[in-house]
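Enquirer: Coordinates for the following, if possible.
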Amino acid sequence: MLNFERTKEQLIQCLEEVKKIANDKEKSMIEAIDYELDKLLKNRFNLAVVGQFKRGKSTFINAVLGEKIVPTAVVPLTSIVTVIKYGPRLKVTVYFLDGSKEEITVKELDKYATERGNPGNEKNVKEIVIEYPSEFLKKGVTLIDTPGVGSVYRHNTDVTYEFLPKLDAAIFLFTIDSPVAQNEYEFLKDVRDHAVKIFFVLNKIDYAEEEDVKEALDFAAGVLKEKLGYEEIKIFPVSAKMALEARETYDEEKLRLTGLPEFLSKLDEFITSDKGRALLLSRCNGALRFISRLRFDIELEAGAIRTPVEELEKNIDVLKKKMKEIEEEKKDVLLVFDGESRELLAQFNAEYEKFKNS
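Expert: Residues are numbered from 1 along each chain as shown. Next up, the predicted model:
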């Protein structure tokens, strides 16, 4: 049986060693490692809501929370990553690229988080953090509202891709009017490289008849199986708009018809039983990416004879040792992971073997 705390401590030690080797050579990597260490120390699990633009991601998040918190609109809107975590009271803080921060009201979010209020991120916002007293968030889950990809605003797509290495799991939204477009499953491939678990949601089912919803579900499942190699796939049909309305009016019968309760039940089941293992596995993968990048850089230096060979060889030996330790920890995690998770990790394992034998 996996000893969560012991495995977590070993992974933290490995990341600290990798950080020492990175030293001042890779400032961006050091910042990324610090982020990973903070996540592990706080057991913070990043669950990102992702998809093409105008799939209803912000409305979906509001429905999950049961209240209109993040801005929504009929045009591509979200332009900044918004982090939603547990807090004893509603609080919104804007963090800027220069290191400063500002507390704002929910009504002011539009001025900083949207393309309408902050075009091209002219206000230099790094991220927005919302604290909210939700029992779901209290379980150590951080919900991430990401800008939609594929819109005319290239900046929004770049912001989402930059965040992908930080996520642990994802909720991927399709819509009934466009179940799976070409660029959609291309983006999904990139999401799958980082998320150890992906939940699929077909949104806006209130726009179609029941037969059309079933046809869209079958079509989306067929495309995902064919293009991405999934053997079995579960797609949850949901109307986020109706679910939010039902939660705001306490209409339980209407809420039941939206499909959201079934999805939240499965999500809660995952969070309760597998969140800890998924976090460790996700961060093991992240640590291996750091090592791969560092090893590549060091080998380049060796080729250019910029550093004494003995020092470079020592660093490579340390990286190989840490890589082996992380691989062993990953095996421990996999022993208690279910078959679906193993399938999701198959591609990573193949890439890892290529690197190990290089």
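
Enquirer: would you list every one of the helices in this protein?
Expert: Per DSSP state H, the chain carries helices over the ranges 4-22, 27-42, 57-65, 110-113, 154-163, 182-192, 210-228, 240-249, 252-257, 260-304, 309-335, 339-356.

Enquirer: Need the mean per-residue confidence for the second one.
Expert: Pointing back at helix 27-42 there. Helix 27-42 shows an average pLDDT of 83 in the prediction.

Enquirer: Tell me what angle that helix forms with helix 260-304.
Expert: 140 degrees (axes from the mean of the first three to the mean of the last three CA atoms, to 10 degrees).

Enquirer: quick one on the thing from earlier: figure out which of the helices of the chain is closest to residue 199.
Expert: Minimum separation from residue 199 across the helices of the chain (CB to CB) falls at helix 260-304, 6.5 Å. Glycine gets a C-beta too; all of them are placed from N, C-alpha and C.

Enquirer: Please work out the average pLDDT along the closest one.
Expert: Average pLDDT, helix 260-304: 80.

Enquirer: now it, how far from the centre of its chain.
Expert: Relative to its chain's centre, helix 260-304 lies at 10 Å (CA atoms, centre = their mean, to the nearest Å).

Enquirer: hang on, the earlier thing: highest mean neighbour count out of the helices of the chain?
Expert: helix 57-65 (a mean of 25; mean count of other CB atoms under 10 Å).

Enquirer: Averaged pLDDT, stretch 211-223. What do you get?
Expert: 89.

Enquirer: where's the closest residue to residue 86 other than its chain neighbours relative to residue 193, distance?
Expert: Excluding the flanking residues, the one nearest residue 86 by CB to CB, 6 or more residues apart in numbering is residue 137, at 3.8 Å. Residue 137 is 26 Å from residue 193, where distance means CB to CB, to the nearest Å.

Enquirer: okay, these two: which has more neighbours?
Expert: Using other CB atoms under 10 Å, the more surrounded residue of residue 137 and residue 193 is residue 137, with 20 against 14.

Enquirer: Return, as residue ranges, the portions of the stretch 51-200 of the chain with sub-threshold pLDDT.
Expert: Applying pLDDT under 70 to the stretch 51-200 of the chain flags residues 73-78, 148-156, 179, 181.

Enquirer: Please consider this matter closed, and thank you.
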